[in-house]
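Visitor: Just to be clear, the model below is a prediction. Sequence and coordinates:
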Amino acid sequence: MSFPTPQNEVQRLAALRDFQVLDTPPQKLYDDITELAANICDTPMGLISLIDADRQWFKSRHGVTLTETPRSEAICAHTIMDSKRVFVVSNAPQDPRFSDFPLVSSGVIRFYAGAPITTSDGHVLGAVCVLDGRQRELLPQQMRQLQNLADLAMNLIENDGPSQRKLSPIPKSAQKDVWTIKSVLDEGRDMCSFIDSQHRFQYVNPAYETHWGRPRASLIDTHVVQLVGRRVYEDVIKAGIDQALAGQEARLSLAQDYPGVGLRRMEVRLIPARGEDGEVRGVVEQSRDITELTQQADELREHVAGMDRRRAARDRFLQAVSHDLKEPVNAINNATPMLIEQLDGKLEPLEERCLGYIALAGKRLARLLEDMWLLGELEAHGLDKRRHSVRAMVLQSMELLKDPIAQRQAQLNLNVGGELVVDANAFELGLRCAIEYLLRCTAARPANMELSLDFDNATARLSITDRSILMPQSSLVTEQGTHLDAKAVSARGLPLSLAIARHIASLHGGWLQEDKTPEGWPRQTFLLPQGDLP
């Protein structure tokens, strides 16, 4: 497989190498970014991906076990082609660029969105990306937040880069002479020191003066506990120094109130420094100020929590509305048939027709309230997926659609033998909404609807085709890919039934495909992954 290459590929790879971030250990701040990205976009997977010459390496991963893939199988390899926009693939199996990728053809990835991680020089190192096994779209605010996280990742890499370059030669230099380390550490803006086996400072760099407000010379031979305080030393730092003296690098984070700069959040690395004989002679310490980065991460995390709270409040409101409207709607539905019966033969044709409209509208409104309540239950408690007869679910849906079926004088041809792994109540709702949408889209009578079921590998395809009328040239394609008659759109807007059908398909990990047959008949198809339930 081939992959696209940016025009500045040579310079891009040089920048990536210069940051020395490839093949480094996991770090919590990067992991926070991937978790936030997945939460914001409501996806099960998130990655910080860096594109090397022939591979895609993951600096951080959420919901993914792989550590890298070939570049020829990386959707992120396309993201780095444009530093100005978030790259989105809604349905990867239908995209010829990606349909042969193993993670796509196996069903692991169907949706992808990646925000470029771009240096100040315009070199795209990789992407913060989110992935899902179902087709979906992102809202504009989600795409903006994903790009914000990519910019935050770039800030982390830039802050890490100089320290990585300065610290990587330290263990080798320490084998020759501790003083060789000093000339390297003096150049850094991070706090760096050399601590001996007795936990005393033998060297500190100029950043120590800035933070602690004391001359460097006064800190030499000072015990660590005397500088940081007993609580921080005993609770945090002592164990890390001992671990490094035992030969294993330690990473930790702490909050420290410095006389020179105030309260700061620090990320600390403690690296064993070995002598020529291989024995550990001391510890190289690097403390990086991550206060601003942590604040940004906290703000993003709070934003995600706020979104969750608003979503829960919305669901509670919809259920409350559904409950409170039931009483007046039931009154309408109880009183209208009584009026029709009592006034039979006494009404003018227009009056009789209007009462009929009220009766039909009352029934539909009652059904919509039940649907709203069911959707709220699904959001709160999730799906109960089992194997169910497709024919039985179709017949149940048709029973609840008696009125629109009668209005259209519809004939439904069922070629739906077999079973689906679904939540029966939820899927009956989605199926009913899809049929109702097609019934209401055109006014042709009699309607001729065909339902068919087939399986493609592990995906079920349940199609509903309206063979009553060919789709007109004036049909519109909405941004969701939905075809509607132009007059119907201007009169009603996007129908609620269609939105519900799409949502139900999405809850089942699939999607609703709206298109037309080769002959031009309007068609809606539920594409649903099928599990291995008994």
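Guide: Structure received. Residues are numbered from 1 along each chain as shown.
Visitor: where in the stretch 251-400 of the chain is pLDDT low?
Guide: Residues of the stretch 251-400 of the chain meeting the criterion pLDDT under 70: 318, 322, 376, 379-380.
Visitor: Run through the helices of it in chain order.
Guide: Remark: helices assigned in the stretch 251-400 of the chain by DSSP state H, counting those that start in this stretch are 291-342, 349-381, 390-400.
Visitor: Which residues belonging to the host helix or strand of residue 462 are considered buried?
Guide: Secondary structure from DSSP states H and E places residue 462 in strand 459-466. Buried residues in strand 459-466, counted by 16 or more other CB atoms under 10 Å: 460, 462-466. No exception for glycine: its C-beta is placed from N, CA and C like everyone else's.
Visitor: picking up where we left off before, redo the helices of the stretch 251-400 of the chain as CSV? Include distance to residue 19 and mean neighbour count.
Guide: Listed next are these as CSV, based on distance: least, CB to CB, whole Å; neighbours: other CB atoms under 10 Å:
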stretch, distance to residue 19, mean neighbour count
helix 291-342, 16, 14
helix 349-381, 42, 15
helix 390-400, 54, 17
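Visitor: any chance of the ones you listed in TSV, plus distance to residue 196?
Guide: Output for the helices of the stretch 251-400 of the chain, formatted as TSV (distance: least, CB to CB, whole Å):
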stretch	distance to residue 196
helix 291-342	29
helix 349-381	59
helix 390-400	74
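Visitor: So which of these is nearest residue 106?
Guide: Nearest of the helices of the stretch 251-400 of the chain to residue 106, taken as CB to CB: helix 390-400 at 25.6 Å.
Visitor: Going toward the C-terminus from the closest one, what's the next helix or strand?
Guide: With secondary structure assigned by DSSP H and E, helix 390-400 is succeeded by helix 402-407.
Visitor: thought residue 333 was touching residue 363?
Guide: Yes - look at residue 333 against residue 363 with CB atoms under 8 Å: they come within range, at 6.4 Å.
Visitor: Quickly note the distance from residue 281 to residue 191.
Guide: Distance from residue 281 to residue 191, counting by CB to CB, to the nearest Å: 21 Å.
Visitor: what about stretch 37-52, start to end distance?
Guide: 22 Å (CA to CA, to the nearest Å).
Visitor: ugh, wrong one, I meant stretch 433-452
Guide: First residue to last in stretch 433-452 (CA to CA) measures 17 Å.
Visitor: In that stretch, which residues are buried?
Guide: For stretch 433-452, the buried set under the neighbour-count rule, 16+ other CB under 10 Å, comprises 433-442, 447-452.
Visitor: Minimum pLDDT in the residues you listed, which residue is that?
Guide: Comparing pLDDT over the buried residues of stretch 433-452, residue 442 scores lowest. The value there is 64.
Visitor: Which helix or strand contains residue 47?
Guide: Assigned by DSSP H and E, residue 47 falls within strand 45-51.
Visitor: Parallel or antiparallel, list what pairs with that strand.
Guide: Note on strand 45-51: by DSSP bridges, its sheet partners are strand 55-62 (antiparallel), strand 124-132 (antiparallel).
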